[in-house]
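K.L.:
I'll drop the sequence and a predicted model, then ask my questions.
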Amino acid sequence: QVQLVESGGGLVQAGGSLRLSCAASGRTFSSYAMGWFRQAPGKEREFVAAISGSGIMTYYREFVKGRFTISRDNAKNTVYLQMNSLRPEDTAVYYCAAGMTTATRRDEYQYWGQGTQVTVSS
């Protein structure tokens, strides 16, 4: 069982930056791939980025490449999402998730956090 708690969301102006954190419980954090998803009002939850358990492999949706960076610190049981050059369309609730494979599909992840709100003003 893995429990995930996100933090770092907030209100930022377009062009600004935020860093989201996701703290995980348990002693096997490095065995889990981690993903970030987001859900805007009235839209489905969508994949943003993922990172393998070792941190060697990363994947990004096209619309965040070059702006967002996913990373992890296995010693701290934490995964991060550094978000730069934020746009109003990045406004959403951001969720972290843990799974056994580095995947882009929601159903590949078994554990989810409660989400953190990111609002980007124009």
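P.N.:
In hand now; what should we look at?
K.L.:
ok, the closest residue to R72 other than its chain neighbours to S52 distance?
P.N.:
Using Cβ to Cβ, 6 or more residues apart in numbering and skipping residues adjacent in sequence, the residue nearest R72 is V79, 4.4 Å away. Heads up, the C-betas are built off the backbone N, CA and C, glycines and all. Remark: distance between V79 and S52 (Cβ to Cβ, to the nearest Å) = 11 Å.
K.L.:
Also E44?
P.N.:
In terms of Cβ to Cβ, E44 sits 25 Å off from S52.
K.L.:
Between those two, point out the one with more neighbours.
P.N.:
Counted by other Cβ atoms under 10 Å, E44 and S52 do not tie: S52 has more neighbours, with 16 against 8.
K.L.:
what sits against that one?
P.N.:
Shown in contact with S52 (Cβ atoms under 8 Å, 6 or more residues apart in numbering): A33, T58, T102.
K.L.:
Spit out the contact partners of the second one.
P.N.:
Which is T58. Counted by Cβ under 8 Å, 6+ apart, T58 has contacts A49, A50, I51, S52, I70.
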